[in-house]
Each structure stands twice: as C-alpha cells, then as structure tokens.
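Asks: Turn this into a model:
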Amino acid sequence: MAMVQLAQRYNDGPDVPYDPKQADELLIKAAAEGNEDAMAICLLAGVGRKADPNQGFETLKKLIAAQPKDSTVLRLLGRAHRKGWSVKPDLAKAREYYKAAADEGDPGAGHAYASMILLGQGGPKDEAEGYKRLVNLSERGCSFAIGELAQALHDGTGCKADNAKAKEWLERGLKLHNPFLMLRMGIYYLDGWDGTEDIPKAMGFLEKAAARGEAHAMARLGCLHLYGLGVPTNKPKAIELLQKASDGKDGYGNFLLGTCYEEGKGVPSDSTKALAYFLKACEADDIWGCQSAAKYYEKGIGVPKDLAKAWALYLKAAELGDAFSMSKVGYLSDGGHGVPEDHAVAFKWNKKCAETGDKNGQFQLARDYLQGTGVRPDYSLAVDLLTKSSQQGHPIATFVLADCYESGSGCKKDLAKAKELFLLAASRGKAEGADRAKKLEENLKR
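Replies: This is a model prediction of the structure:
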C-alpha cells in the first residue's frame with residue numbers, strides 16, 4: 001500500500017515534486033508484487049500493460065467490498081463513473097465516490113470533488129465551498145488544486161476576483177515542477193490575466209510544459225501556430241502539435257484537430273475524420289467537442305442523421321455545464337426529437353439553462369410555464385422570463401411577449417406596448433410581427 005500512496009503523491013502532491021514517470025514505476029512494481037489497488041490502477045489506466053477497464057472495474061468492486069474506506073479505491077470508482085470505464089457515465093455517483101475518498105484524506109479525490117462542487121457537476125453548485133476546499137488542498141501542496149484555485153481567483157468563482165493572488169499561487173506552485181502549473185502560468189500570460197497579453201512569456205511556459213508531456217500545452221501552442229497569434233502562421237507545425245495533443249488525449253487538442261479537418265486548415269477537408277476527433281474531444285470532457293459531434297448527428301453531416309446520438313452528446317455537454325447544450329436537451333426532449341417526449345426532462349434542463357442567464361433557456365422555460373408542460377402554468381413568471389430573453393435579442397421571445405401584452409396574459413394589457421414589441425420582433429427577423437403590429441395599429445385607430 002505504501003508504494004501506491006507514494007505513487008499517488010508523485011501524481012497529485014503534496015510533499016513531493018510532480019513525477020508521473022516515478023509514479024508509474026512504483027505502480028508497476030506494486031502490481032507485480034500482488035498489490036490489488038495497484039493492479040486496478042494499471043488495468044484502468046493502462047500503466048505498464050494494455051488497459052482493461054472491465055477487469056479493472058471488477059477488481060475495484062472486490063476491493064471496495066473488503067475495504068469500504070480505501071481512499072484509493074473510492075477515488076478510482078469516482079473516476080470510473082466519471083469517465084464511463086466499464087459503467088455508464090454517472091456524475092452524481094462520481095461525485096459521491098470522490099467525496100468519500102476526500103473525506104478519507106485523498107488529495108486527488110479532494111481536488112476532483114472540489115472542482116465538481118465549484119461547477120455544479122453531479123449535484124448542487126456551491127462555489128464558496130468549492131473555493132474553500134481548493135484553498136485547503138493548495139495549502140497542502142496539491143498541484144492540480146493550485147491550478148484550479150488560480151482559475152477561481154481569476155474568474156471570481158467563490159471569491160473576489162484577484163489576479164495578483166492567482167499569480168502568487170501559480171508562482172508558489174511552480175516550485176513543485178508540475179507541468180500543469182507551467183501550463184497555467186502560460187495561460188496567465190497568454191490570456192492577459194494582469195491586463196496585458198505577453199505571448200513570448202506565455203510561449204516560454206507553454207513550451208516547458210509541452211516538453212514535459214503536458215498535452216494541453218501542446219494544444220495551446222498548436223492554436224497559436226494555427227491562427228498566427230503572436231507567431232507567424234505555421235499550419236504544418238500546428239497540425240504536428242495538435243496531433244501530439246490528441247495522442248495525449250487532450251480534449252481541446254482533439255477539438256481543434258477536428259476543426260482543422262472540418263475546415264480544411266493544414267489538412268484536406270474530411271468530415272469523417274473531423275467527427276472522429278470531435279468524439280475523442282467529447283470523451284475527454286471537452287464541451288465544444290461534444291457540441292460539434294452532436295451537430296454532425298443532428299444535421300447528418302457525413303453520417304446518417306441520428307437525433308438520439310445528438311441528444312446523448314448534448315446531454316453530456318449539458319451535464320458539464322454548457323448552457324447551449326442544456327437548451328438543446330430541453331428542446332429535443334420537449335418535442336420527442338430522437339428520444340421519447342418527456343416534458344419533465346425538458347423542464348429540468350430548460351430551468352437549468354435559464355438559471356445561467358441564457359436567452360434560449362429563458363424562452364423555452366417561459367414556454368413551459370405558458371403551456372403548462374412539465375410544470376403548472378404560471379403566466380406572470382413566463383412574462384418575466386420572456387422579458388429577460390427579449391432584452392437579450394431573442395426574436396420569438398419578443399414576439400410571444402408582445403402577444404402576452406396584447407391579451408393581458410401574465411401582465412396588464414397594453415396594446416401600445418404590444419405594438420412596439422411586435423415591431424421589434426419583426427426587426428429581429430420574426431416577420432409575422434409586422435403584420436400583427438399593423439393589425440394592432442388599425443384596432444387602436446378605431
């Protein structure tokens with residue numbers, strides 16, 4: 001067990017410098033000596049042998065039955081349910097296992113659980129609690145927690161935005177020699193967290209991280225060369241870097257490579273290859289990859305149209321927090337497109353989407369309240385949601401809101417306001433609004 005725990009520390013911290021090669025060597029040695037925890041890790045992740053998720057998962061089930069509080073096994077079960085290793089992906093169960101492992105003191109599980117709390121994955125979002133946990137883990141020297149903490153400080157997630165403090169944490173973390181933190185420092189300069197982009201400095205950190213095998217750093221460098229951002233455009237170099245990122249199973253790298261094949265950038269246009277890379281990106285929890293793959297199945301681009309597959313891909317992106325995909329799941333579920341009609345599921349995702357402030361989600365949720373689909377009718381709440389959606393430029397929401405003012409549904413009847421909104425809807429592309437405004441004008445003159 002000691003070797004497995006030391007391997008974990010080389011991967012996650014704290015106390016020792018990041019060294020995944022040393023971690024793998026320890027796991028292989030422990031597995032060879034009969035340690036079942038190490039065997040399960042090697043089987044699931046393909047360390048020192050060909051990956052066999054089914055056998056690895058069966059080993060985990062046997063271990064957890066004998067040792068219910070084994071933090072390593074609990075963490076691995078969390079990862080298996082998150083990634084869908086031998087089981088259907090289930091973020092709620094993954095979160096449950098990560099919490100159990102975190103409660104036993106596992107830093108890797110602690111980081112994963114804090115991240116899920118912060119994003120609201122697999123359960124309620126609690127930004128303050130997620131931030132608090134990241135601070136605690138960072139103080140203990142958990143490299144990946146430090147990177148997440150810096151991002152939270154930049155975004156103001158669970159705390160007041162503070163880029164200076166984010167930089168302090170990253171500089172402190174660099175002493176752990178983790179390429180993930182070199183990557184985060186590169187992103188700090190690349191995205192201009194301190195107010196000014198510094199691409200030469202960014203590239204220095206990204207190249208160091210890439211040289212140590214950090215796949216996302218390769219993807220970021222590939223993006224710079226692909227679009228000529230701060231460096232001369234070099235598509236062959238970009239494709240080489242993106243392919244390495246893809247080989248390293250980086251979601252963003254796979255998404256960009258898919259985009260290259262979709263648009264014919266640096267490679268011949270090939271929708272089949274584009275979809276394959278988008279699917280790989282989605283497997284790595286890249287939201288854009290899931291969205292893009294879903295679009296291919298929804299519209300039948302290079303493959304037979306398959307709304308059921310599109311729905312499943314949009315669902316994954318929705319569970320990862322993407323508002324656009326939430327609205328898609330709501331729409332497809334409400335109309336029974338590719339999946340059985342389910343107003344309750346539609347309402348659930350329309351509500352989640354609306355809560356992000358997305359105009360499509362606000363409109364779809366308003367429609368649920370107007371029609372009483374999946375929920376008891378509430379015209380007043382519908383008008384409030386339609387107003388918010390209209391204020392963001394949604395043409396149909398504007399039209400329906402005008403209709404509400406014309407009929408006095410959920411609001412005081414106001415024909416002048418209705419006419420104004422019908423004209424606004426027409427200017428936004430809802431042509432029928434012009435006819436309705438004209439009829440109202442005629443009625444107002446009578």
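
Asks: Isn't Lys316 up against Cys282?
Replies: Yes. With contact defined as CB atoms under 8 Å, Lys316 and Cys282 form a contacting pair (6.4 Å). Placement of C-beta: from N, CA and C, glycine included.

Asks: of these two, who's got more company?
Replies: Ranked by neighbour count (other CB atoms under 10 Å), Lys316 and Cys282 place Cys282 first, with 26 against 23.

Asks: residues in contact with the more buried one?
Replies: Gly251, Gly289, Cys290, Ala293, Leu313, Lys316, Ala317 (CB atoms under 8 Å, 6 or more residues apart in numbering).

Asks: rewinding a little: would you mind listing the residues touching both of Lys316 and Cys282?
Replies: Listed contacts common to Lys316 and Cys282 are Cys290; contacts here mean CB under 8 Å, 6+ apart.

Asks: tell me, what residue is most central in the protein?
Replies: Leu320 (4.0 Å; CA atoms, centre = their mean).

Asks: burial measure for the closest residue to that residue other than its chain neighbours, as a count.
Replies: Using CB to CB, 6 or more residues apart in numbering and skipping the chain neighbours, the partner closest in space to Leu320 is Ile287 (5.4 Å). Applying other CB under 10 Å, we find 20 residues neighbouring Ile287.

Asks: Report the contact partners of Ile287.
Replies: By CB under 8 Å, 6+ apart, the contact list for Ile287 reads Ala317, Leu320, Gly321, Asp322, Ser325.

Asks: Just among those, which is most surrounded?
Replies: Ala317 (26 neighbours).

Asks: and it, what element?
Replies: Using DSSP states H and E, Ala317 falls within helix 307-319.

Asks: List the contacts of that helix.
Replies: Taking contacts as CB under 8 Å, 6+ apart, the residues outside helix 307-319 that touch it are 89, 91, 121-122, 282, 287, 290-291, 293-295, 297-298, 324-326, 328-329, 332-333, 337-339, 349, 352-353.

Asks: Kindly report the same for stretch 207-221.
Replies: By CB under 8 Å, 6+ apart, stretch 207-221 touches 20, 179-180, 182-183, 186-187, 190, 203, 206, 241-242, 244-245, 247-250, 252-253, 256.

Asks: if we go to 7 Å?
Replies: 179-180, 182-183, 186, 190, 206, 241-242, 244-245, 248-250, 252-253, 256 (CB atoms under 7 Å, 6 or more residues apart in numbering).

Asks: thinking again about what came up before, among the contacts of helix 307-319, which are in helices?
Replies: Of the positions in those, 91, 282, 287, 290-291, 293-295, 297-298, 324-326, 328-329, 332-333, 349, 352-353 sit in helices, assigned by DSSP state H.

Asks: Pull out the buried positions in stretch 330-338.
Replies: Of the residues in stretch 330-338, those with enough neighbours to count as buried (16 or more other CB atoms under 10 Å) are Gly330, Tyr331, Leu332, Ser333, Asp334, Gly338.

Asks: swap in stretch 371-390?
Replies: The neighbour-count check on stretch 371-390 (16+ other CB under 10 Å) flags 373-375, 378-379, 381-390 as buried.

Asks: and if you look at stretch 100-119?
Replies: By 16+ other CB under 10 Å, the buried positions in stretch 100-119 come out as 100-102, 104, 106-118.

Asks: what residues does that stretch touch?
Replies: Stretch 100-119 is contacted by residues 8, 11-14, 69, 71-72, 74-75, 78, 95, 98-99, 122, 125-127, 129-131, 133-134, 137, 140, 142, 144-145, 148, 152, 157-158, 321 when judged by CB under 7 Å, 6+ apart.

Asks: ranges for the strands of the stretch 1-150 of the chain?
Replies: Taking DSSP state E, counting those that start in this stretch as the criterion, the stretch 1-150 of the chain carries no strands.

Asks: Right, I'll leave it there.
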